[in-house]
Structures are given as structure tokens and as C-alpha cells.
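**Q** missing the sequence, but the structure's below:
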């Protein structure tokens, strides 16, 4: 019993120091000048613009990843073909690439000296230091998020219901909407949840391709940096607290999903580990 | 898997026949999207690097600042992953094996670094460990400074990489057969002997996988590190920041060469991780 309590105590102390304390200090600093100052900071018009930009990016990126995830899971989990493992590895690739490189790629493609730079500037189209570049960089970074949650789940569930539906005369779309989609629904929701958190919070990739004009091309994460660098610490933490709340909501929903679907999640996780 | 073995009669065709519709359109869309968003941009970077030639490439990656920063990135990432392998194993073990009040909450908290945007983590850690911060002010009288030093990089890396180790090891611990441990105990083995001889060997492959995943994540991380690192070239500057610095100076060639170098490192790590996972599967699945 002594060892058990010592282990639990050490683990919890470590987690409190390394995980909980950073979360606590965000809110402590945000409210350090009182609630009024906090409200003033988060209702600043520039912060409002940053929130708006963050939402726009998420609204474009998340549905795109959702469609891709569904599509990839259909061909990878429902069929067996040569090169399937390679395809999964390629989809996972952005996970092992630095977000800064994601930004760099967009600069090499669309920057002034990039591949399409001359053509774009001749046609007066701006991608880098503007919304399209930030969307593309975020798309790169979040690319695997939905697919990698749905594919193992769909593989674990198998094709029996779909094949039964075909033999009963269902059309492809009917099978998808009535059989497959309900089966993978929570996996999709799970992936969307994580994808959204990353899309809204992404910093490295977006910072490379953003013009970093506070109030124009700053997302909420970039606004945190802008404010912090200009020594407006309390305002920076006020913005950070909004992102921290997003993280908390994400964690709560994730824990709830994991509780509702614990059996399936257990099966998928242990299959992955096994 | 057994179904695939049973139906593997025609393994020379590139895909097994299926009565389900929609293979061609879904695969096409997946490939097109993959090429446009991920592969083509990566190809362009490699093409730009090829344009530098071997000599140009080596000229960039052997610059003193590049080598110095690479050393900083590799050593801090290794240290952070190494320390976290210990703590991550402890956290995973406690969460998988013991029932205690607040276990579910602690389990959810492990994923915080996944969910918390890196810039937020960055300014929070920097404020905590600064000489006048909550933790920094406790360490300052002891002569220990963490923020704006290489140690700060390690702390930030430990924060962001913890879930990679815990979430890789935890399911394996949950699947360990308690019967083996009990048999060993009945035969008179001590708790330490049981852990070292029975549990740890079974966990080790997954722990190494977690270590490699954490190491890869640490190397690429940017947002949570730059606020707490001193960002002094060759001392406390990480490679991703160096890429940003090159871009800020419009040195595209430098940024591209360093980016390709990092990509190569990522590929080696990815390969290692895949091999490790295959090992885990063999060990674990039997």
C-alpha cells in the first residue's frame, strides 16, 4: 500500500506541477487586474477581429477535413488494396512535420519568390500574409486529424452491415447515409473536436504565413503573441484565457465521448497498441 | 485479419474484390486531396532544395549557427523525451492500475497539452518559470534559472510531449496479464523484481515508441518553446525558430535547406516509429 500511495502521490504532484499550474496561471494572470480589466481586454475591437479570423479559418478547415476523413475512411477501411498502409502513413505525415515547415511550404509556393509568386502578383492575388495562406497552412497541419480517428474505428467495425445492405438492394448513398455514417458518427465527432481545437489554436504554421497585423491578419493565437511581445501581459493572458477555455471545453467533450463509447474506444485503442 | 487470410486467394490483383460501391471515387478524391495539400507542397520544397545543388545544400546546413541550433534542438528534445519516459510511464501506470479519487479527472488532464494552443502554453510556462514567476522565484535563491535558458526549452518540450508517452504506454499496461505477476508473487518475487523482470519487458517496446513520438514532436515544436527559450543562436535557439529567422531575412534558400534537413530527420524518426510499432505488435499481439 505504501508503494501504491507513493506512486499515486508522485504522479499527481508531477501532473499538478507540469499540467495544472500552466492552466491556472493563464486565468490568474488574465484576472490579475480585476474582472473589469479582463472584460476590457477581451472586448477590444482588435481582439474581436482576431476571434472572427480564428472562427473563419476553423469554419473552412474543419468541414474540409471532415469530408476528407469520411472519404479516406471509406476507401481505406472498407476495401483492401495494395499500398493501403503506405496511404495511411502518407496521411499521417503532417503529424511528424514541424508546423513551421507547413508555413514554409506555403511561402515557397505562393510567396513573392515562390513557385507561383510572379503569376500571383501579376494578377494581384495575395495568398501569403493573407487569409488563403493561413487556411492552407492550417489545412496542412490538421490534415490527419479526422481521418486517423475514423479509419481505425471503421476498420474495427468491419463491413458486415454494409455488405448485408448491398445484398438487400440498398444503393451506395443509402448504405453511406443509413448504415456507415451512423456507425462512424462518434469517431467523426471525436476527430472534428480535435481538428477544431488544433485549427483554432494553431500557431507555428500560421505565424509564418500571417502578415501579423494585429486586428487584420492576427488569429487569436497570434494576438496572444502580439500582445505579449508588446508587454501587454494582462491583455495577452486575457486572450489566452479564451483559448484555454476552448481547450477545456474540448477536453470535457472528449472525456464525455470517451465515456459514452468507452467499449468501442477501448477496442480500437488496444487494437492499435496490439 | 482472419477474414483477409481466408479471402487472400487472389493476392496478385492489386485490390480484393468487394461488393461495396464507391471505391474509385473515394480513393481518387483522397489521393487528389493528399497530393494538393501535403505531397505537392513537400515536393516543391524538395525541388527548391535540388535547385541549390549538393554544394549549396551543404553550405547551408554546415553553417555554424545551423549546426549549433541543431545540437540545441537534438539535445533538449532527447533530454525532455528521456525524462518524460520516466514520468510518462509513472503517470500511465498509476492511471491504468490504481483506482483513486480524481482518477478520471487526472486522466482527462493528460490530454491538456494536445488541446491547449501552443502560444498559450508558451506564455504560461514562460511566466511561471521566469525569475519572478511562481516557480522561478522559488528556484532563484537556489541559483537555478530555467526560463530563457536551454532548461526552459526542456520544460516546454516536456509539457507538450507528455501525452504522447502516456497514451502510447497506457493501453499496453491495461492489457498486461495480472495473472503472470500474481504467479511471480506467489513464487516469492519482490514487487521490484516483478516490475523489472515481467512488467517492464512487456511495456518496453511501447515505451520506446512513445519516446520516439515524443522526440519527433519536441523537435518540430515551435509555439510553446519560443517564449521560454532565450533564443540565443547556438545556445538556446531551436531549429524551427532558425527557419523563421531565415524567412524573416528573406533567405529562402537557407530556410529551404534547413527545412529539408528537418524533413529528413522526421522521415528517419517516422521509419523508426513504424519499426518500433511493428515490434510492439509482434510482442503484444503474438
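**A** Structure's in. What do you need? Remember, predicted model here, so these are calculated numbers, not experimental data.

**Q** not counting sequence-adjacent ones, nearest residue to whichever residue of chain B sits closest to chain A?
**A** Closest approach between chain B and chain A, counting by C-beta to the nearest C-beta: residue B:117, at 2.8 Å. Glycine gets a C-beta too; all of them are placed from N, C-alpha and C. Closest residue to residue B:117 apart from its sequence neighbours, by C-beta to C-beta, 6 or more residues apart in numbering or on different chains: residue A:201 at 2.8 Å.

**Q** that neighbour and residue A:244 touch, don't they?
**A** No: assessed by C-beta atoms under 8 Å, residue A:201 is found out of contact with residue A:244, at 9.7 Å.

**Q** okay, these two: which has more neighbours?
**A** Between residue A:201 and residue A:244, residue A:201 has the larger neighbour count (other C-beta atoms under 10 Å in any protein chain shown), namely 28 against 25.

**Q** thinking again about what came up before, contact partners for the residue nearest to residue B:117?
**A** Residues counted as contacts of residue A:201 (C-beta atoms under 8 Å, 6 or more residues apart in numbering or on different chains) are A:220, A:221, A:243, A:246, A:247, B:115, B:116, B:117, B:118, B:119, B:120.

**Q** ok, so of those residues, who is nearest residue A:74?
**A** Among these, residue B:115 lies closest to residue A:74 (C-beta to C-beta), at 28.0 Å.

**Q** spit out the residues that contact residue A:201 and residue A:244 alike.
**A** The contact sets of residue A:201 and residue A:244 overlap at B:116, B:120 (C-beta under 8 Å, 6+ apart).

**Q** counting neighbours, what do you get for residue B:17?
**A** By other C-beta under 10 Å, 9 other residues sit near residue B:17.

**Q** helix/strand/coil for residue B:232?
**A** Three-state call for residue B:232 (DSSP: H, G, I helix; E, B strand; the rest coil): coil.

**Q** do you know how far it is from residue A:173?
**A** 59 Å (C-beta to C-beta, to the nearest Å).

**Q** what sits against the residue of chain B closest to chain A?
**A** Counting by C-beta under 8 Å, 6+ apart, residue B:117 has contacts A:197, A:200-203, A:220-221, A:224, A:240, A:243, A:246-247, B:223.

**Q** quick one: pLDDT of it?
**A** For residue B:117, the pLDDT comes out at 96.

**Q** quick one, phi/psi of it?
**A** phi -50, psi 140 (degrees, to the nearest 10).

**Q** surely residue B:199 meets residue B:178?
**A** No: judged on C-beta under 8 Å, residue B:199 makes no contact with residue B:178 at a distance of 10.0 Å.

**Q** looking at these two, which one has more neighbours?
**A** Neighbour count, other C-beta under 10 Å: between residue B:199 and residue B:178, residue B:199 has more, with 20 against 9.

**Q** tell me which of the contacts of residue A:201 is nearest to residue A:230?
**A** Set against residue A:230, the nearest of the contacts of residue A:201 by C-beta to C-beta is residue B:119 (14.4 Å).

**Q** in which helix or strand would I find the closest one?
**A** Here residue B:119 sits within helix B:118-129, counting by DSSP states H and E.
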